[in-house]
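Student: Show me the folded form of this:
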Amino acid sequence: MRVAAGAAVVATVMLPALPAAADGAPDERPDVPVGTWLAARTQPAVQLTSFTYTATVSVPSNTINEAAYNQIVQEAVAAVQSGKISSDERSIGKWVFQQIAANVDTYVSSTTPMRTVEAEVGGMCTGWWVTPDGYMVTGAHCVQVGETELSQLFAQQALAKFNKQDAKEIIKGLGDLRNDEEILKLAQQIYVSFNSSHMQLSNLKQSLSVMQSLPGGGVDKTAKAVPAELVSVGESYPGKDFALLKVNGQQNLPTVPLGEDADVRTGDTLYISGFPGLVTNTPFFSLESKLEPALTEGPYNAKRTTQTGVPYIQTQAPSYHGNSGGPVFSKDGKVVGMLIAGTVSEGGEASESESFVLPVGIIKEKLGEKNVKPAQAVTTTRYNEALNDFFRHYYSDALPKFREVQALFPNHPYVAKYISDSQQAISAGKDETPKPILMWVLIAGGVLLLLVLVAVVVKVLRGRRRPQPAIVSPQPGYGAVPPPPWQQLPAAQAQLSPPVQPMPQAQSPYGHGGDGYGPGGYGANGHAASPYGSAPDAHFHQPPHQQPSYDQPSYDQPRGDQTRSVRYGQFSPPADNRSGQVADLERQIADLQRRLGDQPPNA
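Tutor: From the prediction side, this is the model:
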């Protein structure tokens with residue numbers, strides 16, 4: 001029992017602590033920054049969305065009203081004479097164009113023919129998958145615009161060419177003033193106002209789409225616009241700015257989970273994912289850069305409520321044009337809201353301290369109205385598990401899970417890159433995937449069994465080496481002590497051979513020696529070694545012709561044999577006057593017998 005217990009202790013010490021299985025807590029965040037973990041998990045479900053309007057834009061040709069124009073010229077002369085304006089040609093021309101721009105329809109008239117152009121306007125926002133079969137959440141203002149705003153978009157997009165042409169026509173007779181930038185800008189402003197107010201739209205069509213990568217492609221030029229259907233739309237900010245899209249023919253889409261309003265409160269950090277327009281609308285960024293969402297973070301500042309009773313969260317997490325509709329996450333990776341609005345300066349710059357988030361409770365309410373239940377596909381579950389393995393450097397565990405994700409959803413924009421990175425890490429010897437628990441148990445059992453076998457073998461070998469009582473040779477060998485004189489008497493006169501106790505570390509004719517005796521038969525105190533123990537000065541001799549007498553017969557003496565060998569009896573006092581010496585001898589022999597407790601060596 002002691003051997004087995006000792007072996008178990010040794011095995012416990014020798015084996016390293018068993019690492020946790022890779023899938024022991026698959027959703028527990030690895031030792032990486034929260035933002036890194038969140039971005040990797042949520043990016044596949046966050047998509048760039050776009051809404052597009054197409055129409056035929058028509059504007060009439062125009063002409064200057066000569067009577068009104070001559071009148072404004074006369075007013076300019078009077079202004080110069082009164083000293084209101086300078087008398088130079090540039091000052092006079094600038095004053096005239098300012099007066100016309102202030103009341104365009106008085107000085108510019110419509111005429112024929114109508115000029116037409118096919119135009120397309122739209123915008124880009126952010127959306128995110130809420131079900132594996134293609135339901136997507138985004139903002140209401142990301143899918144539709146009002147008539148006034150739509151007209152402004154078309155005017156800016158489609159009429160720029162007409163505005164420039166008309167401005168050049170009105171200043172062509174001004175000589176050198178034609179090249180004056182300020183005069184040209186004033187002239188263009190006149191026709192921006194006129195053409196916008198007289199513009200007509202026909203064949204107006206709207207379309208919604210989501211940018212998706214093709215099978216085998218990543219976030220790159222293989223992405224294409226996939227049509228989306230508008231299922232539900234609310235009121236734009238400050239109302240319940242929510243819209244629900246559906247992309248048909250989808251399965252195993254990556255999704256993000258919905259949390260609760262109570263998951264976050266003032267002071268917590270919020271994370272916004274989306275596509276800022278400062279990237280998507282900038283020509284010098286690659287398409288790959290434009291199709292990868294950005295993650296920003298900031299504190300939850302306060303909960304606000306509009307005058308119509310709609311709740312909003314104010315946060316300092318930076319947001320920009322294009323981020324609208326993007327999901328807002330807690331540190332646990334669950335959606336707690338959707339970015340809707342942010343204030344802008346007079347120059348159109350976003351204010352990072354004032355972003356407003358529609359709470360997730362409103363999102364759930366709107367989904368419930370359409371009986372849409374958020375769900376998570378196996379794609380997302382396995383992908384998240386694989387990411388956690390990847391971040392823990394368990395590349396061998398992560399690789400088959402990434403491949404499973406690729407098989408489930410070939411259009412996945414990021415999994416191909418993770419597969420490649422995992423393979424490279426394994427080839428470079430960076431894999432730290434723990435061995436299965438069963439393997440560690442087998443190793444532990446093998447080590448324990450080996451230790452037990454070694455202990456048993458050692459115990460058996462020691463048992464074989466245990467010293468046995470030595471048989472006294474009648475002739476002393478090399479290094480042995482000659483027998484005492486009483487053993488050299490004739491057989492008929494031999495005394496009882498007492499049992500001999502091996503002395504510590506000494507070479508004795510009766511067994512192994514003890515530490516009191518050396519090879520020469522002497523103890524440490526210099527006396528000759530005694531066969532009776534540690535009394536070196538005791539010598540006992542029988543008279544050469546006197547037969548000893550005993551109190552009891554020998555137990556194993558054969559009848560008629562003159563040699564007596566008494567093993568368990570005691571000496572009786574001799575018949576002569578040496579009874580005192582014999583009594584002492586008997587006491588010493590009895591004492592030796594009690595101590596040895598075993599059979600004495602044969603005489």
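Student: buried residues in stretch 300-309?
Tutor: Buried residues in stretch 300-309, counted by 16 or more other Cβ atoms under 10 Å: 300, 301. Any C-beta I mention is one placed from the backbone N, CA and C, and that applies to glycine too.
Student: my bad, should have said stretch 375-392
Tutor: Those would be 376-377, 379-380, 382-392, for stretch 375-392 by 16+ other Cβ under 10 Å.
Student: what's the closest of those residues to residue 76?
Tutor: Residue 76 lies nearest to residue 380 out of those, by Cβ to Cβ, at 70.9 Å.
Student: what's next to stretch 66-73, contact-wise?
Tutor: Contacts to stretch 66-73, defined as Cβ atoms under 8 Å, 6 or more residues apart in numbering, come from residues 96, 99, 100, 106, 107.
Student: one more time with 6 Å
Tutor: For stretch 66-73, the surrounding residues in contact (Cβ atoms under 6 Å, 6 or more residues apart in numbering) are 96, 99, 106, 107.
Student: The strand ranked longest in the chain pairs with which strands, and in what direction?
Tutor: Assignment by DSSP state E gives strand 108-129 as the longest strand of the chain. Here strand 108-129 has these sheet partners by DSSP bridges: strand 46-64 (antiparallel), strand 135-138 (antiparallel).
Student: can you tell which of the ones you listed is closest to residue 430?
Tutor: When those are compared by Cβ to Cβ, strand 46-64 sits nearest residue 430, at 29.2 Å.
Student: Could you point out the helix or strand that follows the closest one?
Tutor: Once strand 46-64 ends, the next helix or strand along the chain (criterion: DSSP states H and E) is helix 66-81.
Student: Tell me where the model's unsure across this structure.
Tutor: For the chain, the stretches with pLDDT under 70 are 1-27, 215-219, 221, 344-353, 437-442, 444, 463-583, 585-586, 589, 592-603.
Student: Leaving out the residues flanking it, which one is nearest to residue 60?
Tutor: residue 110 (4.1 Å; Cβ to Cβ, 6 or more residues apart in numbering).
Student: returning to that earlier point: not counting its own residues, what contacts the longest strand of the chain?
Tutor: Contacts with strand 108-129, where a contact means Cβ under 6 Å, 6+ apart, come from 45-47, 49-54, 56-63, 65, 136-138, 142, 153-154, 157-158, 194, 198, 253, 255-256, 274-275, 280, 322-327.
Student: So which bits of it are buried?
Tutor: 108, 115, 119, 121, 122, 123, 124, 125, 126, 127, 128, 129.
Student: next one: stretch 43-57
Tutor: Applying 16+ other Cβ under 10 Å to stretch 43-57 flags 43, 44, 45, 46, 47, 48, 49, 50, 51, 53, 55, 57 as buried.
Student: These into a markdown table, with extra columns for distance to residue 447?
Tutor: What follows is those, written out as a markdown table (distance: Cβ to Cβ, whole Å):
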| residue | distance to residue 447 |
| --- | --- |
| 43 | 46 |
| 44 | 45 |
| 45 | 48 |
| 46 | 50 |
| 47 | 54 |
| 48 | 57 |
| 49 | 60 |
| 50 | 64 |
| 51 | 67 |
| 53 | 74 |
| 55 | 80 |
| 57 | 83 |
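Student: now, which of these sits nearest residue 406?
Tutor: residue 44 (11.8 Å).
Student: Next, that closest one: secondary structure please.
Tutor: Here residue 44 is recorded as helix under DSSP: H, G, I helix; E, B strand; the rest coil.
Student: Which residue lies closest in space to it, excluding its sequence neighbours?
Tutor: Leaving aside its sequence neighbours, residue 44 sits nearest to residue 254 (Cβ to Cβ, 6+ apart; 3.8 Å).
Student: Would you list the phi and psi of that neighbour?
Tutor: Here is the backbone geometry of residue 254 (degrees, to the nearest 10): phi -70, psi 140.
Student: show me what contacts it?
Tutor: Taking Cβ under 6 Å, 6+ apart, one finds 44, 45, 379, 380 in contact with residue 254.
Student: now it: how far from residue 35?
Tutor: For residue 254, the distance to residue 35 (Cβ to Cβ, to the nearest Å) stands at 19 Å.
Student: mind listing the helices for the stretch 201-350 of the chain?
Tutor: In the stretch 201-350 of the chain, helices defined by DSSP state H, counting those that start in this stretch lie at 277-280, 287-290, listed in chain order.
Student: Of the ones you listed, which stretch is the most buried?
Tutor: helix 277-280 (a mean of 18; mean count of other Cβ atoms under 10 Å).
Student: Residue 137 touches residue 210, doesn't it?
Tutor: No. Residue 137 lies out of contact with residue 210 (Cβ atoms under 6 Å); the separation is 11.7 Å.
Student: Which of those two has more residues huddled nearby?
Tutor: Comparing residue 137 with residue 210 by other Cβ atoms under 10 Å, the one with more neighbours is residue 137, at 27 against 22.
Student: can you map out the strands along the chain?
Tutor: 46-64, 108-129, 135-138, 200-212, 224-233, 243-246, 269-274, 294-305, 311-315, 327-329, 335-344, 350-359.
Student: In a markdown table, list the ones you listed along with distance to residue 83.
Tutor: Shown next, in a markdown table, are those (distance: least, Cβ to Cβ, whole Å):
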| stretch | distance to residue 83 |
| --- | --- |
| strand 46-64 | 28 |
| strand 108-129 | 29 |
| strand 135-138 | 60 |
| strand 200-212 | 45 |
| strand 224-233 | 59 |
| strand 243-246 | 60 |
| strand 269-274 | 57 |
| strand 294-305 | 55 |
| strand 311-315 | 54 |
| strand 327-329 | 61 |
| strand 335-344 | 42 |
| strand 350-359 | 45 |
